[in-house]
Structures are given as structure tokens and as C-alpha cells.
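**Student:** predicted model, plus sequence, below.
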Amino acid sequence: LSRKFKLRTDHHSLTCPDDDFTHKQLVVPSSLQSKVLEHVHGGSVGGHLGQSKSLEKLKSRFYWPGHYNDVMMWCSTCSICLPRKSPAPKPKAPLTSITVGNPMQLVAVDLVGPSHEVQQGISYILVAADYFTKW
């Protein structure tokens with residue numbers, strides 16, 4: 001940690017050398033970390049933007065050991081964000097082959113319609129196919 005950061009003499013901020021510039025981060029005591037998380041993620045500047053954006057905002061101004069895990073946990077348990085997240089996709093059943101040994105052993109039937117009338121009063125089509133012969 002000491003190679004990457006320099007603690008200022010006031011013991012309240014770190015100087016963090018980045019790739020192109022150096023910025024200062026306020027060192028947050030554990031008693032105030034939840035307030036900072038609330039401000040960064042859900043406050044007037046937060047907007048409940050999610051883990052990555054909340055982490056970026058926090059890192060631009062604040063520091064404490066373990067802040068990454070704290071941001072991830074805070075965002076994943078946010079009572080406002082949870083109901084808005086889209087549900088996980090339901091697993092699809094795997095495709096399987098149907099083995100048929102004889103004609104007419106298995107026949108599929110489907111009803112198509114209603115559609116525009118082809119002949120007088122006919123608006124549905126009954127489709128039947130034999131799995132073995134494909135007829």
C-alpha cells in the first residue's frame with residue numbers, strides 16, 4: 001500500500017498516483033463508510049447506477065481498505081435496486097431427439113387459425129404429420 005499511496009500528514013487523505021495524473025482521496029473511517037456508500041450509490045448524486053459506476057464515484061474521492069467488496073455488497077443488497085433488476089433468465093430445457101421406428105407410431109397434430117376464410121366458413125387448418133415418414 002505504501003508504494004502506491006502516500007498518506008498526507010493530516011492523516012485524512014491519500015495521494016493516489018494514477019496513470020496520467022495524481023488525485024487525492026479522503027480516507028473514510030469505518031464509522032462513516034455506510035454514509036459514504038449511501039451518498040455515492042443512492043444519494044442525490046448517486047442515482048442507483050449500479051456497482052461499477054458507484055465504485056468509480058467512490059474511488060474518485062474516497063478510500064478505505066476493502067472498499068471494493070463493500071460497494072459490491074451495498075449495491076447487491078440495495079432495497080431500491082433489487083425490485084428493479086430484471087429476473088434471471090429461466091433455464092431452457094435441453095433439446096432431445098425423438099426416435100421413431102415405424103410409420104404412424106408417432107403423429108403430431110396442430111391446429112392453425114383463425115385466419116381469413118379460404119372457403120365458405122373455413123378459418124382453421126388442421127395439420128398432421130407422421131414423425132417417421134415426415135408426411
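**Tutor:** Cool, got the structure.

**Student:** could you use CA atoms for every contact and neighbour count after this?
**Tutor:** Fine.

**Student:** any weak-confidence spans in this protein?
**Tutor:** Scanning the chain for pLDDT under 70 picks out the ranges 1-23, 45-46, 118.

**Student:** domains for it, by residue range?
**Tutor:** The chain breaks down by automatic domain parsing into domains covering 6-84, 99-135.

**Student:** so which residues of this protein form strands?
**Tutor:** 6-7, 13-17, 22-27, 62-63, 107-112, 125-130 (DSSP state E).

**Student:** helices or strands up against the fourth one?
**Tutor:** Counting by 3 or more C-alpha pairs under 8 Å, 6 or more residues apart in numbering; DSSP states H and E, the packing neighbours recorded for strand 62-63 are strand 22-27.

**Student:** how much space between the residue of the chain positioned farthest from its centre and Val127?
**Tutor:** What lies farthest from the middle of the chain is Gln120; by C-alpha atoms, centre = their mean that is 52.9 Å. According to C-alpha to C-alpha, to the nearest Å, Gln120 stands 19 Å off from Val127.

**Student:** centre of the chain versus stretch 67-81, how much separation?
**Tutor:** 13 Å (C-alpha atoms, centre = their mean, to the nearest Å).

**Student:** before we move on, the earlier item: most tightly packed of the domains of the chain?
**Tutor:** Burial of the domains of the chain is given as mean neighbour count (mean count of other C-alpha atoms under 10 Å); domain 6-84 ranks first at a mean of 15.

**Student:** where do the helices sit along the chain?
**Tutor:** Along the chain, counting by DSSP state H, helices occupy 33-37, 51-61, 67-76.

**Student:** so which of those helices gets nearest Ser97?
**Tutor:** With C-alpha to C-alpha, the closest approach to Ser97 among the helices of the chain belongs to helix 67-76: 40.6 Å.

**Student:** and the closest one, what does it pack onto?
**Tutor:** helix 51-61.

**Student:** which residues sit against the helix it packs on?
**Tutor:** For helix 51-61, contacts defined as C-alpha atoms under 8 Å, 6 or more residues apart in numbering pick out 23-26, 36-37, 40-41, 46, 48, 68, 71-72, 75-76.

**Student:** contacting residues for the closest residue to Trp135 other than its chain neighbours?
**Tutor:** The spatial neighbour of Trp135 that comes closest, neighbours along the chain excluded (C-alpha to C-alpha, 6 or more residues apart in numbering), is Ala129 at 5.2 Å. Applying C-alpha under 8 Å, 6+ apart to Ala129 gives the contacts Val107, Ala108, Val109, Trp135.
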